[in-house]
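1. Following is a predicted model, sequence given first.
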There are 2 protein chains.
Amino acid sequence: MIQSLNEHNREDLQEALGKGGQKLTPQREVVFAVLLAQRDHPTVDEVFNRARESMPGLSLATVYNCLETFVGCGLVRQVNHERESTRYCPNLAPHAHFRDKETGQVHDIELPPEVMKSLRSILPPGFDSEVIEISFLGRTKAYDPLHSN
Amino acid sequence: MIQSLNEHNREDLQEALGKGGQKLTPQREVVFAVLLAQRDHPTVDEVFNRARESMPGLSLATVYNCLETFVGCGLVRQVNHERESTRYCPNLAPHAHFRDKETGQVHDIELPPEVMKSLRSILPPGFDSEVIEISFLGRTKAYDPLHSN
DNA sequence: CTTGCGGTTTAGATTCATTCTAACTCATTA
DNA sequence: TAATGAGTTAGAATGAATCTAAACCGCAAG
């Protein structure tokens, strides 16, 4: 069961929504709490199922609406892999995504500023980019520090 | 109207298909010719419409089948942007994609090896990646060399 | 109060890319 | 000539996402 937002997170949410001309509603609060509670890049369906545990009457359309609103306010990012269901991620820092071929799990990969810079530098003149999406596809092995070098 | 494949390209296609245990068929030849004729990252529907000009009986399902086969043989790459229709690209060299927000056009961006390397280097130990997808979203301005520096 | 208004939520219908299914074609092998 | 099997085909099915229209709710004006 998802606990509700703490003071701090509720204020953040309210402020971000306000800037986008949107209101804080009970449904938005529950959906946002779900995203913060488990940062595993859930699909809309997963958010829906988790959120319904604390708000049984919630409808799927509302989950779509809430998430769209959050994206519009810059509170969450959409993550697309191939043509699978869109996933949602409340990590605001610039980062790439690594998708495990076997489990389907998505992991955040930190993006150092110098890598961002070198990426931007490969754009020919005249190309002006606002968003850069980077995603890795592969496997994760258990990491054994004793045998690495 | 799409011209048919030249000797050289037909041989390449046949060889690549053969390695994947697939045969060269008239439909596959037409679909491949469409991809080579206009390298603008067409959707399945666009490929379908162009291909039907030279082969009117061709069915949409076959276009899906052909493109899937080509991807399996490493002849073409799929390009996904958000949840739009998948696009197809016969450019085999490693490259990123730039999508123009206004026109929807997709441009190939060359990926220098050192950028690839720096990208690979940001993966923590235990993460093993086969495929890296990089896509830019933005605008393209006419480039005026007189006023650049 | 209570009335009306605008934004939000809701269930269900709709859309649309893609995948599936089952029949058919056609070249090759037995 | 029959059988096999890959490839093709039209149309049905799927499933994520969007749309629609009605209901709901908080709130400001009368």
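-> Structure received.
2. List the buried residues of the longest strand anywhere in chain A.
-> The longest strand of chain A (DSSP state E) is strand A:127-140. Buried residues in strand A:127-140, counted by 16 or more other C-beta atoms under 10 Å in any protein chain shown: A:Phe127, A:Ser129, A:Ile132, A:Glu133, A:Ile134, A:Ser135, A:Phe136, A:Leu137, A:Gly138, A:Thr140. C-beta here means a position set from N, CA and C on the backbone, and glycine is covered the same way.
3. right, quick check: it against chain B, any contact?
-> Yes - looking at strand A:127-140 against chain B by C-beta under 8 Å from any C-beta of the partner chain, the contacts come from A:127-140.
4. and which of those is nearest A:Gly21?
-> A:Glu130 (21.2 Å; C-beta to C-beta).
5. May I see the residues of strand A:127-140 next to chain B arranged in CSV, with pLDDT and distance to B:Ser118 as well?
-> Listed next are the residues of strand A:127-140 next to chain B as CSV, based on pLDDT from 0 to 100; distance: C-beta to C-beta, whole Å:
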residue, pLDDT, distance to B:Ser118
A:Phe127, 96, 20
A:Asp128, 95, 22
A:Ser129, 95, 18
A:Glu130, 91, 22
A:Val131, 92, 20
A:Ile132, 95, 14
A:Glu133, 96, 17
A:Ile134, 97, 11
A:Ser135, 96, 16
A:Phe136, 96, 13
A:Leu137, 95, 18
A:Gly138, 95, 17
A:Arg139, 94, 21
A:Thr140, 94, 21
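6. Tell me the one of those nearest DNA strand C?
-> Within the residues of strand A:127-140 next to chain B, the smallest distance to DNA strand C is 15.9 Å, found for A:Leu137 (C-beta to the nearest atom of the strand).
7. Quick check: the closest one vs A:Gly104, distance?
-> Using C-beta to C-beta, to the nearest Å, we find A:Leu137 at a distance of 11 Å from A:Gly104.
8. Equivalent analysis for A:Val131, please.
-> 24 Å.
9. For chain A, which segments count as strands?
-> A:77-79, A:87-89, A:95-100, A:106-110, A:127-140.
10. The second one: how far from the chain's middle?
-> Offset of strand A:87-89 from its chain centre (C-alpha atoms, centre = their mean, to the nearest Å): 3 Å.
11. other SSEs contacting it?
-> If you count contacts as 3 or more C-beta pairs under 8 Å, 6 or more residues apart in numbering or on different chains; DSSP states H and E, strand A:87-89 packs onto strand A:77-79, strand A:106-110.
12. Now tabulate those strands in JSON lines and tack on mean pLDDT.
-> Converted to JSON lines, the helices and strands packed on strand A:87-89 look like this (pLDDT from 0 to 100):
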{"stretch": "strand A:77-79", "mean pLDDT": "97"}
{"stretch": "strand A:106-110", "mean pLDDT": "96"}
